[in-house]
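>>> Mind folding the following:
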Amino acid sequence: MVRERDVCWEYAEKLDGNKVRCKFCLRVLNGGISRLKHHLSRLPSKGVNPCNKVRDDVTDRVRAIISSKEDIKEIPSVKKQKIAEVRAPGNMSTGSKISPLETLSPAAKVFPTVLSIAASTLSDQETVERSIALFFFENKLDFSVARSSSYQAMIDAVGKFGPGLIAPSVETLKTTWLKRIKSEVTLHLKDAEKEWATTGCTIIADTWTDNKSKALINFLVSSPSRTFFHKSVDASSYFKNTKCLADLFDSVIQDFGQENVVQIIMDSSFNYTGISSHILQNYGTIFLSPCASQCLNLILEEFSRVDWVNRCILQAQTVSKFLYNNASMLDLMKKFTGGQELIRTGITKSVSCFLSLQSTLKQRSRLKHMFNSPEYSTNSSYANKPQSISCIAIVEDNDFWRAVEECVAISEPFLKVFREVSGGKPAVDSIYELMTRAKESIRTYYIMDESKCKTFLDIVDRQWRDQLHSPLHSAGAFLNPSIQYNPEVKFLGSIKEDFFKVLEKLLPTPELRRDITNQIFTFTRAKGMFACNLAMEARDTVSPGLWWEQFGDSAPVLQRVAIRILSQVCSTFTFERHWSTFQQIHTEKRNKIDKETLTDVVYINYNLKLAREMKTMPTDSDPIQFDDIDMTSEWVEESENPSPTQWLDRFGSALDGGDLNTRQFSAAMFGNDHIFGL
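Numbering: from 1, shown residues only. This next block holds a predicted model:
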């Protein structure tokens, strides 16, 4: 029997091999009609870029086809027989529970027979899961929603209530519950404010511009207990107007209290606005600091541009593209690697590159074994392809593996610093030592190669000198007991001047500095309470801020300053960003009521995510690596259009009209649909 032609071929043109061309966006896809379906469905799965030109009716039809086939695949043979009985009109049971057509989703209305048949064969658990899945698909929800703590809490609450629950209406959600939950979130902020008088706080100013030159600024406030989202401001009309920006920052500083603010972290897009000079001139006790994550990313980015490093990355990508663009080849790789992935996705392009090189190095022997195995050499579908020959040559090249080892050796110390400053914890006390150790690791590794050593140290020193280093970092290191009392530390003398400058800034009058010299002596020589056994035992085991709080009573003025310095973060770290949502706050198409509602929703949404990350993030999780692989990255497939970069990559050109991954992906997935239905 001739196999029936797939109905989705009307949307594609078949090309040589196993390739197809989408008739809507003209994109060429590997993998045949199956990958085309996921391309047209605009669902974030199967590693296929969503089509940004497909009609909505086609998307709904394709999603229904995919859903019905996946449901039917899971039906046991006994249940298949029941399906045949249901299909026969004479055998239709009058007691069958068939949902009225009016209650079905749009997909079910188009293909009611297939979906109702599939539903009738499911267990109670599967029926509930199917209803939840349809809710996700019909409303175009990101699958990551299912990871949120509130998702399972909602399911538990509904199950506990039992049948007959009347869900809140749109108006109730937009008014009553929006107001009540916003009040609850704000109460948590009020609790955090209580510690600011002791620990101080950091204001984070995070910018983004879109391809229409819209400049948005997010303001957050961070202290040891947690980080809060404050507000999002559209500064498009005055981003380069110092006076207007100054007024904006003045208002934000007043919101938190000038006496509470220790530092402001802002990205490099503010370098040419004059706002730095305004703050330094008008707020004598507030420090301006760069985002450490951004600076470290620039270091790794420059590393990746070194000729031989770039060549090594391109060779590794040649292998990964070959493996990830062929289903049978990917299955074979997973077999030899024990199910482990070859590539890793980091929070920036450069981080992804060096993490993937680490992973590739770990799989070296398995990759060699795979390419030399009978399973590979006897399979004509990929063993004889030109890409295969290139990959074998790379995997068998000892020079390539030496280059990979070298890339891993020089990047890992800086990835370690990246992790420390991106975890959302106070890190002012450790960044100076971590950067010093990272530089020393390069000197040690290249002890016999002065030329390469100079190449990489020049990159680090340039970024450290011009971007990253802050007197606050030096003061944090000086006040860190694990550094101050470590006889192996050699740099204390070189940072003492910065430490004194910080003291002069935080203690601007002679009255405030009275007896400070004696207190510094008491600390550095471990006198008074600093000399007790508990204090000495806790030097390396307790956070520096807490250590000063517990054992700093012998130097009360220095204690107050130390706690404020050591309680600050170094970067904007890796909390999730939803710039497409923020952009909708500022759209001119919304009336005042909708704008206020969406502003409240974003305020709640952002702060709930920050709270969830603080409570649920595992202690062993990697803050610079994502769990899921970016299947649109240059490690997986070639793209005619540049692949959207991760959030931190935008900093290098914040005002060049570049767009952010989230907004592009949202537009590709959902078109111009308004988020939250407002």
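
>>> what are the phi and psi angles of residue 223?
Note on residue 223: its backbone torsions stand at phi -140, psi 170 [degrees, to the nearest 10].

>>> Let me see the contact set for it.
192, 195, 196, 199, 200, 201, 202, 567 (C-beta atoms under 8 Å, 6 or more residues apart in numbering). In this view, the C-beta of every residue, glycine as well, is placed from N, C-alpha and C.

>>> If we use 7 Å, what do you get?
By C-beta atoms under 7 Å, 6 or more residues apart in numbering, the contact set of residue 223 is 192, 195, 196, 199, 201, 567.

>>> Any idea what the residue lying closest to it once chain neighbours are set aside is bridged to?
Once flanking residues are discounted, residue 223 sits nearest to residue 201: 4.5 Å by C-beta to C-beta, 6 or more residues apart in numbering. As for beta bridges, residue 201 partners with residue 261 under DSSP bridges.

>>> Check what pLDDT residue 201 gets.
At residue 201, the pLDDT value in this model is 95.

>>> re earlier: restricted to helices, list the contacts of residue 223.
192, 195, 196, 199 (DSSP state H).

>>> Tell me, how many residues neighbour the residue nearest to residue 223?
26 (other C-beta atoms under 10 Å).

>>> ok, now which ones touch it?
Per C-beta under 7 Å, 6+ apart, neighbours of residue 201: 221, 222, 223, 256, 260, 261, 262.

>>> Which residue comes closest to the fifth one once chain neighbours are left out?
In this structure, residue 260 finds its nearest non-sequential neighbour in residue 196, 4.1 Å apart by C-beta to C-beta, 6+ apart.

>>> any idea which helix or strand of the chain has the worst average confidence?
Ranking every helix and strand in the chain by mean pLDDT, DSSP states H and E puts helix 661-670 at the bottom, with a mean of 35.

>>> Residue 319 against residue 393, yeah?
No. The criterion here is C-beta atoms under 7 Å, and residue 319 misses it with residue 393 at 10.2 Å.

>>> higher neighbour count, those two?
Per other C-beta under 10 Å, whichever of residue 319 and residue 393 has more neighbours is residue 319, with 24 against 13.

>>> related to what we said a few turns ago, for the contacts of residue 201, give me a markdown table that also has pLDDT.
Below are those laid out as a markdown table (pLDDT from 0 to 100):
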| residue | pLDDT |
| --- | --- |
| 221 | 93 |
| 222 | 92 |
| 223 | 91 |
| 256 | 94 |
| 260 | 95 |
| 261 | 96 |
| 262 | 95 |
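
>>> Turn the residues you listed into CSV, columns for distance to residue 315.
Shown next, in CSV, are the contacts of residue 201 (distance: C-beta to C-beta, whole Å):
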residue, distance to residue 315
221, 45
222, 41
223, 46
256, 50
260, 52
261, 48
262, 46
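
>>> between those, which is nearest residue 434?
residue 222 (19.4 Å; C-beta to C-beta).

>>> ok now do the nearest residue to residue 326 once chain neighbours are set aside, which residues does it touch?
Ranked by C-beta to C-beta, 6+ apart and with sequence neighbours excluded, the top spatial neighbour of residue 326 is residue 382, at 5.6 Å. By C-beta under 7 Å, 6+ apart, residue 382 lies in contact with 326, 328, 329, 388.

>>> what's the distance between residue 382 and residue 420?
42 Å (C-beta to C-beta, to the nearest Å).

>>> which regions of the stretch 501-650 of the chain sit below the pLDDT cut-off?
573-593, 616-620, 638-650 (pLDDT under 70).

>>> Do a quick rundown of the strands in it.
Ranges of strands in the stretch 501-650 of the chain, per DSSP state E, counting those that start in this stretch: none exist.

>>> now the chain
Ranges of strands within the chain are 12-14, 19-22, 28-30, 201-209, 215-223, 226-234, 261-266, 287-289, based on DSSP state E.

>>> could these go into TSV alongside distance to residue 633?
Putting the strands of the chain into TSV (distance: least, C-beta to C-beta, whole Å) gives the following:
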stretch	distance to residue 633
strand 12-14	24
strand 19-22	20
strand 28-30	16
strand 201-209	21
strand 215-223	25
strand 226-234	28
strand 261-266	28
strand 287-289	31
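
>>> Residue 405: which of those is closest?
Closest among these, using C-beta to C-beta: strand 28-30, at 31.5 Å.

>>> In that closest one, which residues are buried?
By 16 or more other C-beta atoms under 10 Å, the buried positions in strand 28-30 come out as 29, 30.

>>> what do you get for stretch 194-203?
195, 196, 199, 200, 201, 202, 203.

>>> What of stretch 441-454?
Under 16+ other C-beta under 10 Å, the buried positions of stretch 441-454 are 441, 442, 445, 446, 452, 453.

>>> which of these sit farthest apart?
So, the buried residues of stretch 441-454 by C-beta to C-beta: farthest apart are 441 and 452, at 13.3 Å.

>>> ok, back up a step: closest one of the ones in helices among the contacts of residue 223 to residue 408?
residue 199 (37.7 Å).

>>> right, and the closest one touches residue 569 too?
No. At 11.3 Å, residue 199 and residue 569 do not qualify as touching, with contact defined as C-beta under 7 Å.
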